[in-house]
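**Q** Below is the structure, and that's it, no one-letter string:
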């Protein structure tokens, strides 16, 4: 108690600050509590962190905006190339309709003299087709990457229930000591179907000390999810699952005080707050 009083006394001990203007001989003195300086430093650090974070978000936004603009221009070039191909095909069909080589050549010469705008540069067309093929491949790869990312991203509630314990520091519900809770607890009756929140492969299905019956699903792109305290698991290691598949039934196995699902989301080997991947109006759609 005595040490606490001394600490508080130091926090509120005033500190004198002297300012000497260059254009005046008179000094300016004022006193502020020590805690005021600490608060000012904290606010400055918090403001700096906010500005840096906002700057990073802005840069990522403009990078994505530029990427969208690039692909839009590429699609425009693709459309132009397709129009050129259609014109070339129409011209070839027209020439073939004349039958003989002589008549085809005559009509080619006539076409050139009467309508130069309709002539086609074959080499230019080949280059355009080559560029178009490269663009189609790049766009296809990009769309596949985005599709894979969407399928791998945990989204929605694994069960519909009430959250009884949140992510972060808390008191141990059984013994009362402080602990870090690496997921969320959702209270549901025993036997409630638990659904995976993203596509993936089951990397663990079995008994784990503390977690009881446990299922872990690897989703790719650095994402994985964990489902603990199940009364029974419905999948085996190596099984491929889709978002919405039933992978277990809720229970109270392992270290627990009642029937519920303990749900975790991991990103690149680190447990993160599952609520960042859950929205109040989202539910994982049912899939058999």
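**A** Structure's in. What do you need? The structure displayed is predicted, hence computed values, not measured ones. Residues are numbered from 1 along each chain as shown.

**Q** does residue 169 have beta-bridge partners, and which?
**A** Beta-bridge partners recorded for residue 169 (DSSP bridges): residue 180.

**Q** quick one: it and residue 178, what's the gap?
**A** Residue 169 sits at a distance of 7 Å from residue 178 (criterion: C-beta to C-beta, to the nearest Å). C-beta coordinates here come from the backbone N, C-alpha and C atoms, glycine included.

**Q** cool, residue 279 as well?
**A** 30 Å.

**Q** Kindly report the same for residue 267.
**A** From residue 267 over to residue 178 the distance is 25 Å, taken as C-beta to C-beta.

**Q** Just to check, residue 249 is in contact with residue 229?
**A** No. With contacts defined as C-beta atoms under 8 Å, residue 249 does not count as touching residue 229, sitting 10.6 Å away.

**Q** neighbour count winner among the two?
**A** residue 229 (26 against 18; other C-beta atoms under 10 Å).

**Q** Report the contact partners of that one.
**A** 211-213, 250-254, 256, 259-262 (C-beta atoms under 8 Å, 6 or more residues apart in numbering).

**Q** picking up where we left off before, higher neighbour count, residue 267 and residue 178?
**A** Neighbours per residue, other C-beta under 10 Å: of residue 267 and residue 178, the larger number sits with residue 267, 15 against 8.

**Q** backbone phi and psi for the more buried one, please?
**A** phi -130, psi 120 (degrees, to the nearest 10).

**Q** Tell me which stretches of the stretch 101-250 of the chain form helices.
**A** Listed in chain order, the helices of the stretch 101-250 of the chain (DSSP state H, counting those that start in this stretch) span residues 101-114, 122-152.

**Q** What is the end-to-end distance of stretch 253-265?
**A** Start-to-end span of stretch 253-265 (C-alpha to C-alpha, to the nearest Å) is 20 Å.

**Q** What ranges does the stretch 151-288 of the chain have for its strands?
**A** Secondary structure of the stretch 151-288 of the chain (DSSP state E, counting those that start in this stretch): strands at 162-165, 168-171, 178-181, 184-187, 193-195, 200-208, 212-220, 223-230, 232-233, 240-241, 246-249, 260-267, 270-272.

**Q** what lines up beside the last one in the sheet?
**A** Same thing as strand 270-272. Partners of strand 270-272, by DSSP bridges, with direction: strand 260-267 (antiparallel).

**Q** Could I get the average pLDDT for stretch 269-278?
**A** Summarised as a single mean, pLDDT over stretch 269-278 is 94.

**Q** should've said stretch 199-219
**A** Averaged across stretch 199-219, pLDDT comes to 96.

**Q** do stretch 242-259 as well
**A** Here the average pLDDT along stretch 242-259 is 95.

**Q** got the buried residues for that stretch?
**A** Under the neighbour-count criterion of 16 or more other C-beta atoms under 10 Å, stretch 242-259 has 243-245, 247-251, 253-256, 259 buried.

**Q** Also stretch 209-224?
**A** Quick answer for stretch 209-224 (16+ other C-beta under 10 Å): 211, 212, 213, 214, 215, 216, 217, 218, 219, 221, 223, 224.

**Q** tell me the two of those residues that are most distant?
**A** Greatest spacing in these, by C-beta to C-beta: 212 and 221 (28.2 Å).

**Q** and which of the contacts of residue 229 is nearest residue 186?
**A** Nearest to residue 186 among the contacts of residue 229: residue 261, at 4.8 Å, using C-beta to C-beta.

**Q** In this structure the closest one contacts residue 228, no?
**A** Yes. Using C-beta under 8 Å, residue 261 is in contact with residue 228, at 7.4 Å.

**Q** pLDDT below threshold where in the stretch 51-200 of the chain?
**A** 51-62, 65, 68, 71-72, 74-75, 77-78, 81-82, 84-86, 88-144 (pLDDT under 70).

**Q** rerun that using 80 as the cut-off
**A** For the stretch 51-200 of the chain, applying pLDDT under 80 flags the ranges 51-150, 173-176.

**Q** Please parse this structure into its domains.
**A** With automatic domain parsing as the criterion, the domains of the chain are listed as 1-152, 162-277.

**Q** gap between residue 161 and residue 147?
**A** Applying C-beta to C-beta, the value for residue 161 to residue 147 is 30 Å.

**Q** That'll do, ta.
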